[in-house]
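*Asks:* Sequence first, then the predicted structure:
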Amino acid sequence: MTEPRLQMLGISKIYPSVVANADVNLTVMPGEIHAVLGENGAGKSTLMKIIYGVVKPDDGQIMWEGRQVHINSPHDARKLGIGMVFQHFALFETLTVAENIALALDDTPGHDRSPAALAPRIRAVSEQYGLPLDPARLVHSMSVGERQRVEIVRCLLQSPKLLIMDEPTSVLTPDAVLKLFESLRRLAAEGVSIVYISHKLDEIQTLCDKATVLRGGRVSGTALPKQESARSLAELMIGRELPVCVSVPQQPGNVVLHLDALDIESDDPFGTRLKEISLALRAGEIVGIAGISGNGQQELLKAISGERPLGRRQGTIQMFGQDVGALDAAQRRQRGMGFVPEERLGRGAVPDLSLADNTLLTGYVPPATGMVQRGIVKRGAVAAFARDVIERFKVKCGGERSAAASLSGGNLQKFIVGREIMLSPKVMIFAQPTWGVDIGAAMLIRQAIIDMRNAGVAVLVLSEEIEELFMLSDRIAVLADGRLSRAVPVADTSINEVGVWMSGDFNYQGAQNVPA
Ligand SMILES: Nc1ncnc2c1ncn2[C@@H]1O[C@H](COP(=O)(O)OP(=O)(O)OP(=O)(O)O)[C@@H](O)[C@H]1O
């Protein structure tokens, strides 16, 4: 009988306020692609961190190829042949791709680890696996999707026997996902075991041989994903029927956000210049912007949010008929803008601060919240607001005093989205609103976005998930190579057509995007 590559027996990990893993058993065979499924906070990442030696279990045993091992550090894990692609990228911003990878590789006798020597290997592996990368590029200038490629290529360079992938496709394009799956299947055929975490159940169905389901830190069941439907897998995961979101289109009101002829050179040498972008967004409508990260998404978000106020001859941005292009982010928030950035740790939240303090970061601006009165911070009001967000958006955590970094990825995303929605903006900008969020919670967030629209808020959603945009949007446009297509009513287009536009194949000339 073949020996399992990895066996986890009775693993438990208890944090002061939560049981992250309770008596978990997991067996992974050589060449098997094994999914670990579960809602946000179910304990998936904790279990993976235990395998990779980042977190020490309080109880239980780990067997590696038939013998008991103690994995006390990632270095130990890598020595065994375990590689991990993290959900939150652990890259140095000011270094290049090759330098980052060089730092992460362990010394192998006979291998030159200098960035210059690594560059051709990086290029070769990235081409072989369809994950294009320029080794000389600085990480800070890369989109999340591109950073994820660095993480994946970095792991593959170590020729692992077990590859842990924590939501590797959350920011990859559909085409890159297909290529990655081909590579993973090839690796599995070569005998590499893969532990795969994803909230995308259709991916699990097509890719994975087995699934272990976690609920509240315990194994609640196992399944053969190819014999299940995405729906039955979801229900196994959440332990009840899958919620649905309901959208009845509204009659939109006046234009409240108007972008006119934005022509902006990127402040990043590898960025994308925005070219003549015009869009009118009305109260009570959701406009979705589809497109692959790296096509001007970051530049557009910076321009709209005020993170980078407009300079001369870069076009105009109006809110409620007034020019706001020169205003910074706080001043735009004061006028009613809300903003959920794509990077939740760093831009969306400060990792070491509590949820309450993270609430104050954006909550101090709108006067209606009462968090700051006559220049004095009202701690009680801040805490109460944070508690409301936690309750309404079902954020699993140890309360408003928990540090943002202690939340599971999806729960932090729910918190940030919830905080921004509950600040009651009049214009709301979302970038990847359900990134890393489980399917039940994604429905909750989408419904909250629809409810905002129904209450008259003007909503702009940038997302790489076309299905999500079709579920939410009243009109949809594509941002490709820094140009924005016409925003058309969703009923007048199709996922296929939008997919074609995403490659830049659309006529943008004269696309004023001012609805009739
Ligand atoms: N360092 C920590 N301190 C305190 N609590 C923690 C810590 N790390 C994780 N937790 C808690 O343990 C639980 C399990 O978290 P984990 O990240 O493993 O979940 P997950 O299933 O990976 O979720 P997601 O799908 O959202 O990434 C959560 O309630 C989380 O808040």
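*Replies:* Cool, got the structure. Numbering: from 1, shown residues only.
*Asks:* rest of the way, CA atoms for contacts and neighbours
*Replies:* Fine.
*Asks:* Show me what from the protein comes close to the ligand.
*Replies:* By the rule CA under 6 Å from any ligand atom, the part of the chain lying against the ligand is 15, 18, 20, 38-46, 396-397, 406-411.
*Asks:* Of those, grab the buried ones for ChimeraX.
*Replies:* Filtering those down to the buried ones (16 or more other CA atoms under 10 Å) takes a single ChimeraX command:
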select :20,38,39,40,41,42,43,44,45,46,396,397,406,407,408,409,410,411
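*Asks:* The residue nearest the centre of the chain and residue 249, how far apart?
*Replies:* Central residue of the chain (CA atoms, centre = their mean): residue 435, 3.4 Å from the mean position. Separation of residue 435 from residue 249 (CA to CA, to the nearest Å): 24 Å.
*Asks:* Under the pLDDT cut-off, which ranges of this protein? List them.
*Replies:* Scanning the chain for pLDDT under 70 picks out the ranges 87-89, 107-111, 144-145, 170-173, 344-346, 366-368, 508-516.
*Asks:* Can you give the domain ranges for it?
*Replies:* 6-238, 243-336+425-516, 347-421 (automatic domain parsing).
*Asks:* what's the closest residue to the ligand within the stretch 251-400 of the chain in contact with, if anything?
*Replies:* Residue of the stretch 251-400 of the chain nearest the ligand, by CA to the nearest ligand atom: residue 397 (4.9 Å). Neighbouring residues of residue 397 by CA atoms under 8 Å, 6 or more residues apart in numbering: 17, 18, 407, 411.
*Asks:* Give me the phi and psi angles of it.
*Replies:* Dihedral pair for residue 397: phi -170, psi 180, per degrees, to the nearest 10.
*Asks:* Ok, residue 84 next?
*Replies:* For residue 84, the backbone dihedrals (degrees, to the nearest 10) come out as phi -140, psi 130.
*Asks:* Spit out the contact partners of the spatially closest residue to it that is not a sequence neighbour.
*Replies:* Of all residues beyond its chain neighbours, the one nearest residue 84 is residue 164 (4.6 Å), with distances taken as CA to CA, 6 or more residues apart in numbering. Residue 164 is in contact with 48, 82, 83, 84, 85, 194, 195, 196, counting by CA under 8 Å, 6+ apart.
*Asks:* how far away is the third one from residue 30?
*Replies:* Computed as CA to CA, the residue 83 to residue 30 distance reads 15 Å.
*Asks:* For the two, indicate the residue with more neighbours.
*Replies:* residue 83 (26 against 20; other CA atoms under 10 Å).
*Asks:* now for the helix or strand that contains residue 102, which elements pack on it?
*Replies:* If you go by DSSP states H and E, residue 102 is part of helix 97-104. When contacts are defined as 3 or more CA pairs under 8 Å, 6 or more residues apart in numbering; DSSP states H and E, helix 97-104 sits against helix 115-128, helix 144-156.
*Asks:* Flag every buried residue along it.
*Replies:* 97, 98, 99, 100, 101, 102, 104.
*Asks:* So the fifth one is in contact with residue 158, correct?
*Replies:* No: counting by CA atoms under 8 Å, no contact exists between residue 101 and residue 158, whose distance comes to 10.3 Å.
*Asks:* about what we covered before: which one among the buried residues of helix 97-104 gets closest to the ligand?
*Replies:* Nearest to the ligand among these, with distances taken as CA to the nearest ligand atom, is residue 104, at 22.3 Å.
*Asks:* OK, contacts around that closest one?
*Replies:* Neighbouring residues of residue 104 by CA under 8 Å, 6+ apart: residue 154.
*Asks:* which residue packs closest to residue 114, ignoring adjacent ones?
*Replies:* Closest to residue 114 by CA to CA, 6+ apart is residue 102, at 6.3 Å.
*Asks:* Contacts only, for that neighbour.
*Replies:* Contacts of residue 102 (CA under 8 Å, 6+ apart): 113, 114, 115, 118.
*Asks:* and those residues, which are buried?
*Replies:* Buried members of the contacts of residue 102, counted by 16+ other CA under 10 Å: 113, 115, 118.
*Asks:* So residue 135: helix, strand or coil?
*Replies:* Applying DSSP: H, G, I helix; E, B strand; the rest coil to residue 135 yields a three-state assignment of coil.
*Asks:* Just the helices from the stretch 151-300 of the chain, written as ranges.
*Replies:* Assigned helices in the stretch 151-300 of the chain, in chain order: 174-189, 201-207, 230-238, 297-305 (criterion: DSSP state H, counting those that start in this stretch).
*Asks:* What of the stretch 301-450 of the chain?
*Replies:* Under DSSP H, counting those that start in this stretch, the stretch 301-450 of the chain gives helices at 329-334, 355-363, 379-392, 409-422, 439-454.
*Asks:* Pull the number of nearby residues for the spatially closest residue to residue 422 that is not a sequence neighbour.
*Replies:* Nearest residue to residue 422, sequence neighbours excluded (CA to CA, 6+ apart): residue 389, at 7.2 Å. For residue 389, the count of nearby residues is 25 (other CA under 10 Å).
*Asks:* same deal with residue 58?
*Replies:* Neighbours of residue 58 under the rule other CA under 10 Å: 13.
*Asks:* Might you report the residue contacts of it?
*Replies:* Counted by CA under 8 Å, 6+ apart, residue 58 has contacts 11, 12, 13, 14.
*Asks:* any idea how far residue 134 is from the residue of the stretch 251-400 of the chain closest to the ligand?
*Replies:* Distance, residue 397 to residue 134, using CA to CA: 39 Å.
*Asks:* Enumerate every residue touching the closest residue to residue 483 other than its chain neighbours.
*Replies:* Computed as CA to CA, 6+ apart, the closest residue to residue 483 that is not its neighbour in sequence is residue 275, at 5.3 Å. Residues counted as contacts of residue 275 (CA under 8 Å, 6+ apart) are 261, 262, 263, 264, 482, 483, 484.
*Asks:* between those residues, which has the most around it?
*Replies:* Neighbour-wise, these (other CA under 10 Å) top out at residue 484, 31 neighbours.
*Asks:* Wait, that residue touches residue 477, no?
*Replies:* Yes: Residue 484 is within contact range of residue 477, at 6.7 Å (criterion: CA under 8 Å).
*Asks:* Report the beta-bridge partners for residue 349.
*Replies:* Taking DSSP bridges as the rule, residue 349 bridges to residue 345.
*Asks:* what about it, neighbour count?
*Replies:* 25.
*Asks:* I'd assumed residue 98 was in contact with residue 135.
*Replies:* Yes: using CA under 8 Å as the test, residue 135 is close enough to residue 98 to be in contact (4.8 Å).
*Asks:* which residues do those two both contact?
*Replies:* Taking CA under 8 Å, 6+ apart as the criterion, residue 135 and residue 98 both touch 119, 122.
*Asks:* Next up, the contacts around residue 27.
*Replies:* Here residue 27 is in contact with 4, 5, 6, 7, 8 (CA under 8 Å, 6+ apart).
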